[in-house]
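Novice: only geometry, no sequence info:
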């Protein structure tokens with residue numbers, strides 16, 4: 001694995017982890033989830049490397065190696081957080097096309113990164129040959145937060161962190177499982193993966209109120225059928241998740257997502273649910289099959305010239 005910093009349109013530096021192969025069939029650009037970083041996708045990336053795909057995974061602003069000096073993890077900026085993150089992913093995709101012309105690029109978004117990917121595609125789907133959405137959250141979860149966040153910001157400001165809010169969200173996710181060993185059992189059935197997440201100093205942190213509100217407002221865009229119709233009807237989507245992932249409310253959120261895409265005229269949608277799997281299917285017991293299935297889908301969706 002290598003990595004380097006890239007300049008954003010507003011002059012910040014974003015770190016991007018890179019797992020490269022010679023003569024890749026395509027490059028998968030990853031938008032990681034909340035309270036984690038791109039380095040956690042190493043196992044998935046190395047699996048795709050074996051199938052001759054390169055993987056790039058950026059650390060979003062306020063995450064991993066993309067934290068500004070004197071700022072805490074989770075501090076993604078004072079204003080327009082979501083617009084900046086979306087712009088960063090577009091800039092990275094453009095960098096790939098410039099530095100590696102002719103190589104197809106696929107966008108993979110996990111969890112919070114799934115929302116990032118969905119918004120990127122509304123205006124910039126032409127940069128990609130397809131999209132993969134993993135662990136996509138139910139928007140009902142976010143909608144309920146909006147009045148709470150507005151009240152918190154009125155009382156304490158955008159940059160304040162409300163630990164109780166984050167703890168309640170996590171508690172709701174974990175409550176789906178009996179006798180949880182940790183507060184992160186909802187991410188995987190694999191205890192070693194849960195422990196690795198909990199021990200990672202770049203994971204498991206809280207967001208300021210303003211970041212949460214920007215996430216909630218941005219998520220509303222992903223439900224607008226008129227906006228989704230900007231995406232070409234033949235654009236391919238691969239949507240997958242674990243059967244027991246509490247983030248999509250027992251698949252209700254995924255069903256809603258698929259129906260919204262179909263209503264917008266999108267025709268190439270593949271949905272895969274993995275039995276007993278939780279939120280992070282790349283860190284689940286059946287991870288090898290998950291990566292193999294993804295590689296198979298990528299091979300089937302490569303442009304004819306790739």
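Specialist: All right, it came through fine. What you see is a predicted model, and the numbers here were worked out from it, not measured in a lab.
Novice: Which neighbouring elements make contact with the lengthiest helix in the chain?
Specialist: Counting residues, the longest helix found in the chain (DSSP state H) is helix 81-99. For helix 81-99, the elements it packs on are strand 2-7, strand 13-19, strand 26-31, strand 53-58, strand 105-110, helix 112-124, helix 209-221, judged by 3 or more Cβ pairs under 8 Å, 6 or more residues apart in numbering; DSSP states H and E. For every residue, glycine as well, the C-beta is placed using N, CA and C.
Novice: Could you give the average pLDDT over it?
Specialist: Averaged over helix 81-99, pLDDT sits at 95.
Novice: Flag every buried residue along that helix.
Specialist: Within helix 81-99, the residues that count as buried by 16 or more other Cβ atoms under 10 Å are 81-82, 84-93, 96.
Novice: so which of the residues you listed comes closest to residue 220?
Specialist: residue 82 (10.7 Å; Cβ to Cβ).
Novice: pretty sure that closest one is in contact with residue 218, am I right?
Specialist: Yes: using Cβ atoms under 8 Å, residue 82 is in contact with residue 218, at 3.9 Å.
Novice: Quickly list what's touching both of the two.
Specialist: Common neighbours of residue 82 and residue 218, using Cβ atoms under 8 Å, 6 or more residues apart in numbering, are residue 119.
Novice: hey, where'd the helices end up in the stretch 151-300 of the chain?
Specialist: Counting by DSSP state H, counting those that start in this stretch, the stretch 151-300 of the chain has helices at residues 163-174, 191-199, 209-221, 225-228, 252-263, 287-301.
Novice: Need those in a markdown table (columns: distance to residue 70, mean pLDDT and mean neighbour count).
Specialist: Formatted as a markdown table, the helices of the stretch 151-300 of the chain follow (distance: least, Cβ to Cβ, whole Å; pLDDT from 0 to 100; neighbours: other Cβ atoms under 10 Å):
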| stretch | distance to residue 70 | mean pLDDT | mean neighbour count |
| --- | --- | --- | --- |
| helix 163-174 | 21 | 83 | 14 |
| helix 191-199 | 25 | 98 | 15 |
| helix 209-221 | 17 | 88 | 21 |
| helix 225-228 | 37 | 88 | 14 |
| helix 252-263 | 37 | 89 | 17 |
| helix 287-301 | 37 | 98 | 17 |
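Novice: Tell me which of those lies nearest to residue 144.
Specialist: Per Cβ to Cβ, nearest to residue 144 of these: helix 209-221, 9.2 Å.
Novice: quick one: contacts of that closest one?
Specialist: Helix 209-221 has contacts (Cβ under 8 Å, 6+ apart) with 62, 74-76, 78-82, 112, 115, 119, 122, 137, 139, 142-143, 145-146, 149-150, 152-153, 156-162, 165, 207, 227.
Novice: Out of the helices and strands packed on helix 81-99, which is closest to residue 258?
Specialist: Of the helices and strands packed on helix 81-99, nearest to residue 258 by Cβ to Cβ is helix 112-124, at 12.4 Å.
Novice: what packs against the helix or strand following that closest one?
Specialist: Scanning forward in sequence from helix 112-124 by DSSP states H and E, the next helix or strand is strand 130-134. Strand 130-134 makes packing contacts with strand 105-110, helix 112-124, strand 236-242, helix 287-301 when contacts are defined by 3+ Cβ pairs under 8 Å, 6+ apart.
Novice: Can you tell me the strand partners of strand 130-134 and which way each runs?
Specialist: strand 105-110 (parallel), strand 236-242 (parallel) (DSSP bridges).
Novice: How far off centre is the last one?
Specialist: On the basis of Cα atoms, centre = their mean, to the nearest Å, the separation between the geometric centre of strand 236-242 and that of its chain is 12 Å.
Novice: which residues are in contact with it?
Specialist: Applying Cβ under 8 Å, 6+ apart, the contact partners of strand 236-242 are 129-136, 248, 251, 254, 257-258, 261, 266, 268-274, 276-281, 284, 290, 293-294, 297, 301.
Novice: State the mean pLDDT of it.
Specialist: On average, strand 236-242 scores 97.
Novice: got the angle between that strand and helix 252-263?
Specialist: Between the axis of strand 236-242 and that of helix 252-263 there is an angle of 170 degrees, by axes from the mean of the first three to the mean of the last three Cα atoms, to 10 degrees.
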